[in-house]
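[1] fold the following and give me the result.
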Amino acid sequence: MLFYTLLGGYVLTSVILFKYPLLIHKKKKIKFVCKHISHRGGAGESYENTMNAFKKAMAIGTHMLELDCHLTKDGEVVVSHDQNLFRCTGINKNICQLNYNELPLLKTSIPIDFDPVDVEYIGSENDDRRIPLLKEVFEAFPQVPINIDIKVNNDELIRKVSELIQKYNREEYTVWGNFNDAITKKCYNVNPNINLLFSMKRVIYLVLLMYTGLLPFVPFKETHLEIFLPSIYLKKRRNPLKSFLPFETIVCHMINILLMRPSLFQHLQRRGIHVYFWVLNQEEEFKQAFKLGANGVMTDYPTRLKKFLENKEREEKYSHT
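    Numbers count the residues shown, from 1 in each chain. Down below sits the predicted model:
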């Protein structure tokens, strides 16, 4: 009898705190809310991770820039998704093998990873195809929220990115981390004042906590949950998830069933944790993400997302009149 009494008390307390987490947690104070996030600056509309891409995305009205970092042989932090330069430049060299002034220009056509068909961005030879320094981005966009993916487990890279963030007073306007838990832990240990992404391991931990009822009781150091829509990625031919998800189809179905819960996202948001979906490029995908309760969406096509958000805002305005 005592067991059932205690169990009932636990379940009731968990349910109450799940709905009202601020009874025991202090809400995270994040300086920005971003509905519109440009993946690699908008890889479908500009050369990815270039200054021109970031400038165009800002002109469109994006709220956040997403980018990736690596370290050159001479210790410069550069903005590039791939460590190996072959996909983007045609040169089969790693960034860490070259000094910054030796880095080649991007090719005139680059594959768009998160597109359901084999699509490439094709610009012109006169477009900006230079791999930029991270400090250039910080100097150009001093108070624009930036999401940094630390691509490799490199202590020097993490330290130097942290130093740049501090130098440009960007701790409150930057989010960093990686799917790899070891990298994300190092990021937090080097600078706990920077907004932090959930690693894949921590997302699994989050799910376990939710289904055991423990979630409302556990504090989190992370500030941003950045996840994909499994139902959408199962349809796509060009699928970067293969690089980090074993048994892709099974895992995607499990994540779709266990993690795609608006009640979970609402709980996290009440605690001040932002929820973003990536990388979505079609209107139906945008709709699904916001229907689930996302704070924001990351896209390769900033113009498409901008148009969708404007139409959505217009529809909501008319529905309230």
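[2] quick one, helices of the stretch 51-200 of the chain?
    For the stretch 51-200 of the chain, the helices defined by DSSP state H, counting those that start in this stretch occupy 51-60, 86-89, 134-140, 155-167, 181-190, 200-212.
[3] looking at those helices, which is nearest to residue 293?
    helix 200-212 (14.4 Å; C-beta to C-beta). For glycine as for every other residue, the C-beta is placed from the backbone atoms N, C-alpha and C.
[4] please render the helices of the stretch 51-200 of the chain as TSV that adds mean pLDDT and mean neighbour count to the earlier fields.
    Shown next, in TSV, are the helices of the stretch 51-200 of the chain (pLDDT from 0 to 100; neighbours: other C-beta atoms under 10 Å):
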stretch	mean pLDDT	mean neighbour count
helix 51-60	98	20
helix 86-89	96	16
helix 134-140	98	17
helix 155-167	98	17
helix 181-190	98	18
helix 200-212	95	16
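[5] using a markdown table, lay out those together with distance to residue 230.
    Output for the helices of the stretch 51-200 of the chain, formatted as a markdown table (distance: least, C-beta to C-beta, whole Å):
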| stretch | distance to residue 230 |
| --- | --- |
| helix 51-60 | 26 |
| helix 86-89 | 25 |
| helix 134-140 | 31 |
| helix 155-167 | 29 |
| helix 181-190 | 20 |
| helix 200-212 | 12 |
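[6] out of these, nearest to residue 256?
    Comparing those under C-beta to C-beta, the one sitting nearest is helix 200-212, at 11.9 Å.
[7] next, the angle helix 181-190 makes with the closest one.
    90 degrees (axes from the mean of the first three to the mean of the last three C-alpha atoms, to 10 degrees).
[8] residue ranges with poor pLDDT in the chain?
    Residues of the chain meeting the criterion pLDDT under 70: 116-118, 231-249, 320-321.
[9] which residues in it form strands?
    Using DSSP state E, the strands of the chain run over 36-39, 64-71, 77-79, 109-111, 120-122, 146-150, 174-177, 195-196, 224-228, 274-278, 296-299.
[10] so which of these is nearest residue 250?
    When the strands of the chain are compared (using C-beta to C-beta), the closest one is strand 224-228, at 15.4 Å.
[11] so the closest one versus helix 200-212, what angle?
    Using the same axes, to 10 degrees, strand 224-228 lies at 90 degrees relative to helix 200-212.
[12] elements contacting strand 224-228?
    In terms of contacts (3 or more C-beta pairs under 8 Å, 6 or more residues apart in numbering; DSSP states H and E), strand 224-228 is packed against helix 200-212, strand 274-278.
[13] what helices or strands is the first one leaning on?
    In other words, helix 200-212. helix 181-190, strand 224-228.
[14] give me the angle between the longest one and strand 146-150.
    Comparing the axes of helix 181-190 and strand 146-150 via the same axes, to 10 degrees yields an angle of 120 degrees.
[15] my read is that residue 177 contacts residue 147, right?
    No: counting by C-beta atoms under 8 Å, residue 177 sits too far from residue 147 to count as a contact (9.0 Å).
[16] what touches both of the two?
    Common contact partners of residue 177 and residue 147 (C-beta atoms under 8 Å, 6 or more residues apart in numbering): residue 197.
[17] between the two, who's got more neighbours?
    Using other C-beta atoms under 10 Å, the more surrounded residue of residue 177 and residue 147 is residue 177, with 27 against 24.
[18] quick one: residues contacting that one.
    149-150, 183-184, 187, 196-199, 222.
[19] quick one on the thing from earlier: which of the strands of the chain sits closest to residue 288?
    Using C-beta to C-beta, the strands of the chain put strand 274-278 closest to residue 288, at 8.3 Å.
[20] residues in contact with that closest one?
    In contact with strand 274-278 (C-beta under 8 Å, 6+ apart) are residues 30, 33-34, 37, 39, 66, 114, 223-229, 265, 268-269, 289, 292-298.
[21] what lines up beside that strand in the sheet?
    In the sheet, strand 274-278 lines up against strand 224-228 (parallel), strand 296-299 (parallel) (DSSP bridges).
[22] let's see the longest one as PDB, backbone CA atoms only.
    Going back to what we said before, that points to strand 224-228. What follows is strand 224-228, C-alpha atoms only, in PDB (Å, rounded to 0.1, in the frame of the first residue of the first chain):
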ATOM      1  CA  HIS A 224      19.300  25.000 -27.300                       C
ATOM      2  CA  LEU A 225      17.800  21.700 -28.500                       C
ATOM      3  CA  GLU A 226      18.600  21.400 -32.200                       C
ATOM      4  CA  ILE A 227      16.900  18.400 -33.800                       C
ATOM      5  CA  PHE A 228      15.800  17.100 -37.200                       C
END
